[in-house]
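J.: what's the 3D shape of this:
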Amino acid sequence: MKKFTAIIIVLALCAASLFAMMSCDGKPADTKAPETTAANSEQTTAAEEQTTKAEEQTASEETTEEETTEEVTTEEVTTANTTAAEATTAGSGEAEYYEEEVALFEYRDPHTPISAADGRELACKFRLNDGERLIGLILESCPTWQTEGSGFVVELYKWDNDYETTIIGDILYSKEFTDWIDNAECKLDFSDVAETGFPTGTYLWVMRGTTSNVGTWAMDPSDDCEYFENGVSSQNGFRSDAVILSPG
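T.: Below you'll find the predicted structure:
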């Protein structure tokens, strides 16, 4: 019995030794698998990096192309707009103008009020230089002798040969003023009847009182103008200004 037990023990030891030897023989095979996996992982990582770089390069090229396209498009639009603006300016054929007020009298004493009461007419004949356009008129000071309720009419005519012929002709502009304030300035704007003003030529403005105690102030006459009181030549330089557009 003891021999049998000893034999079993010996057989068990041999089996254990054999199992250990088999385990040692399997280690290289078990070790190779991780090495192969690591190599494959490195290859996969390298491939992914190359793919990422290629995608980044493609994206960069696309962005650059888009930016270039936008720059070219913007430049083309800007150039087109500039060309259109230049063409409009060149093709308009219109000169540039600046506005100025030209005195139709001389600033010298005495300073005298002249009455236009009850239909009396005060008038001034003047001429525009070449290229000028008449856009308004200013009567610098219209007295009422400190009374209230005064009124008058201002008319504009194109000069025609003489005073009588002119005032029976067409009226270019007419405006009535009522309840006038003593010595207030009277300003006329002709844009309602002539959007770009009246062209170069000779004109006559006429002030006609519609009530008593109304008129305008006068100083010395200008050599470039002619003045009338009730159709008769006068040496009173009525204080008025022509508002004109002069070519620049």
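
J.: Under the pLDDT cut-off, which ranges of this structure? List them.
T.: 1-95 (pLDDT under 70).

J.: For it, which segments count as strands?
T.: Ranges of strands in the chain, per DSSP state E, are 97-103, 112-115, 121-127, 133-142, 152-158, 171-177, 184-189, 202-209, 215-219, 226-229, 232-234, 237-238, 240-247.

J.: so what's residue 140 up against?
T.: 185, 216, 217, 239, 240, 241 (CB atoms under 8 Å, 6 or more residues apart in numbering). No exception for glycine: its C-beta is placed from N, CA and C like everyone else's.

J.: circling back to that earlier point, can I get the strands of the chain in JSON lines including distance to residue 164?
T.: Formatted as JSON lines, the strands of the chain follow (distance: least, CB to CB, whole Å):
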{"stretch": "strand 97-103", "distance to residue 164": "26"}
{"stretch": "strand 112-115", "distance to residue 164": "21"}
{"stretch": "strand 121-127", "distance to residue 164": "11"}
{"stretch": "strand 133-142", "distance to residue 164": "22"}
{"stretch": "strand 152-158", "distance to residue 164": "11"}
{"stretch": "strand 171-177", "distance to residue 164": "15"}
{"stretch": "strand 184-189", "distance to residue 164": "23"}
{"stretch": "strand 202-209", "distance to residue 164": "11"}
{"stretch": "strand 215-219", "distance to residue 164": "22"}
{"stretch": "strand 226-229", "distance to residue 164": "10"}
{"stretch": "strand 232-234", "distance to residue 164": "11"}
{"stretch": "strand 237-238", "distance to residue 164": "19"}
{"stretch": "strand 240-247", "distance to residue 164": "21"}
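
J.: which of those sits most buried?
T.: strand 237-238 (a mean of 24; mean count of other CB atoms under 10 Å).

J.: Show me what that strand is packed against.
T.: strand 215-219 (3 or more CB pairs under 8 Å, 6 or more residues apart in numbering; DSSP states H and E).

J.: Just want the angle from the strand it packs on to strand 121-127.
T.: The directions of strand 215-219 and strand 121-127 differ by 50 degrees, with axes from the mean of the first three to the mean of the last three CA atoms, to 10 degrees as the criterion.

J.: who does strand 215-219 pair up with?
T.: Paired strands of strand 215-219, with direction, are strand 112-115 (antiparallel), strand 237-238 (antiparallel) (DSSP bridges).

J.: which residues does residue 158 contact?
T.: 166, 169, 170, 172, 198, 201, 202, 203, 204.

J.: I meant residue 195, not that one.
T.: Neighbour list for residue 195: empty [criterion: CB under 8 Å, 6+ apart].

J.: now residue 215, which residues is it bridged with?
T.: Where residue 215 sits in a bridge, its partners, by DSSP bridges, are residue 115.

J.: how far away is it from residue 150?
T.: Computed with CB to CB, to the nearest Å, the distance linking residue 215 and residue 150 is 9 Å.

J.: shared neighbours, the two?
T.: Joint contacts of residue 215 and residue 150 (CB under 8 Å, 6+ apart) are residue 209.

J.: so which of the strands paired with strand 215-219 gets nearest residue 106?
T.: strand 237-238 (5.8 Å; CB to CB).
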